[in-house]
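> missing the sequence, but the structure's below:
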């Protein structure tokens, strides 16, 4: 299926803008006390290389058809999705430096940056063009746009009053993960493979092709790692008052 050149530009520019936003946000967060200039430089260079190499590999595999689908073969997209998530989770919970980075980044930034999720609105446009099934496009596209539009609002509420905004962050975070799970599940069940259950009249083929495949193999894992980072910060904030109370007692 021919892919419009504007779609390629849209996905690539959106992904690169996301990488830039992550690095700019980290750069500002690591200027606070406790981070020496050399530590800040090393962390930024390391994360820059990781993101750019990951993005390059995702593009290389996508362009070379690593995730192509067919009715008689099992999908391979799960590898592009799960490997980055597993590696990221291992770092978040196993690296002291990663823990310091998460602690340094403001909650409102971790939430607000997911404004980029509005990129998922492209699924609705593709459905209107007859390129993807509505069963996948409408929940995935509308859900992504909703999560993206709510992100800066929830971030602003938290910035005004962390105590009052914490509940909003928790609910938004849960909804953001739920949206991704629904989109991934419906994407799998509407794409050609032995697991396909729906959309046989209009199978979801384009989602496994470049450039759309970059959404589940790059942007979605990055979103999930951001959501996990939010959960980590919420858990630490919940523990902090308890620790303070114990110390006073």
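Perfect, thanks for sending it. Predicted model only: the values in this text are computed from it and were never measured. Residues are numbered from 1 along each chain as shown.

> so how many other residues sit close to residue 143?
Residue 143 has 20 neighbours, counted by other Cβ atoms under 10 Å. Quick note: C-beta positions are derived from backbone N, CA and C, even for glycine.

> List the contacts of residue 162.
For residue 162, the contacting residues are 107, 237, by Cβ atoms under 8 Å, 6 or more residues apart in numbering.

> I'd like the distance between the most centrally placed residue in the chain and residue 88.
Relative to the mean C-alpha position of the chain, the nearest C-alpha, by Cα atoms, centre = their mean, is the one of residue 223, at 1.5 Å. In this structure, residue 223 lies at 11 Å from residue 88, with Cβ to Cβ, to the nearest Å as the measure.

> Ok, residue 224 next?
Separation of residue 224 from residue 88 (Cβ to Cβ) stands at 8 Å.

> Need the nearest residue in space to residue 118, chain neighbours excluded.
residue 148 (3.7 Å; Cβ to Cβ, 6 or more residues apart in numbering).

> Same check on residue 102?
Closest residue in space to residue 102, ignoring its immediate chain neighbours: residue 229 at 5.1 Å, by Cβ to Cβ, 6+ apart.

> just checking, that neighbour touches residue 99?
No - under the criterion of Cβ atoms under 8 Å, residue 229 lies out of contact with residue 99, with a separation of 10.2 Å.

> Between the two, tell me which one has more neighbours.
Under the criterion of other Cβ under 10 Å, the comparison of residue 229 against residue 99 puts residue 229 first, with 21 against 15.

> Now do the contacts for the more buried one.
92, 102, 105, 110 are the contacts of residue 229 under Cβ under 8 Å, 6+ apart.

> Distance of the last one relative to residue 222?
By that I understand residue 110. Counting by Cβ to Cβ - residue 110 and residue 222 are separated by 12 Å.
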